[in-house]
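A.B. asks: need a 3D model of the sequence below.
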Amino acid sequence: MQIPSLAEIKRELKLLNENELIDVVLDLAKYSRENKAYLFFRLFEKENPRIYVDMVKDDLDLNFMNANTRNYHVAKKSAQTIRRKLNKNLKLTKDKTAQIELIIHFCKQMKAYGYLQYGHPVIENLFKVQIGKAEKLISGLHEDLQYDFQLMLEDLS
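C.D. replies: Model (predicted):
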């Protein structure tokens, strides 16, 4: 089976009436947690744009608190798991400032919970890659925002 293009899917969706479209969207939301989260944030983000960033930060904080950091191997696995969750959440927003804010929060939490004290190359590389992502996103912003976010990044270094 060949998957149709987005243009073909869009064309077919335009042919559906309102009730059929609602059914399709709800069925799509049932298939994965990410689809449901995306739908939730698209619907309620208009009322409160900060709701998404706050919810993701709370989720990251909870993951860091529950993570096992007894030794470097387990700490590495925990950091990688939390990073995967961060990356899934970053896909749900197109707002670059929100993405930068979440990446910086992740890096601050890594530092605060002592992940970098192990000196493990995988953990340090994970941290550096996230800092690099943030720097790349910052370079595309307005100069005033760049300055503010650069200050935050300097605090991490």
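
A.B. asks: which residues does stretch 129-147 contact?
C.D. replies: Applying CB atoms under 8 Å, 6 or more residues apart in numbering, the contact partners of stretch 129-147 are 83, 96-97, 99-100, 103-104, 106-107, 149-150, 153, 156-157. Where you see a C-beta, it was placed from the backbone N, CA and C, and this is true even at glycine.

A.B. asks: where's stretch 2-12 relative to the chain centroid, distance-wise?
C.D. replies: 27 Å (CA atoms, centre = their mean, to the nearest Å).

A.B. asks: correction: stretch 72-82
C.D. replies: On CA atoms, centre = their mean, the centre of stretch 72-82 falls 17 Å from the chain's centre.

A.B. asks: kindly report the same for stretch 1-8.
C.D. replies: When distances are taken as CA atoms, centre = their mean, stretch 1-8 is centred 27 Å away from the chain's centroid.

A.B. asks: quick check: mean pLDDT of it?
C.D. replies: Mean pLDDT, computed over stretch 1-8, is 87.

A.B. asks: before we move on, what about stretch 96-111?
C.D. replies: Mean predicted confidence for stretch 96-111 is 93.
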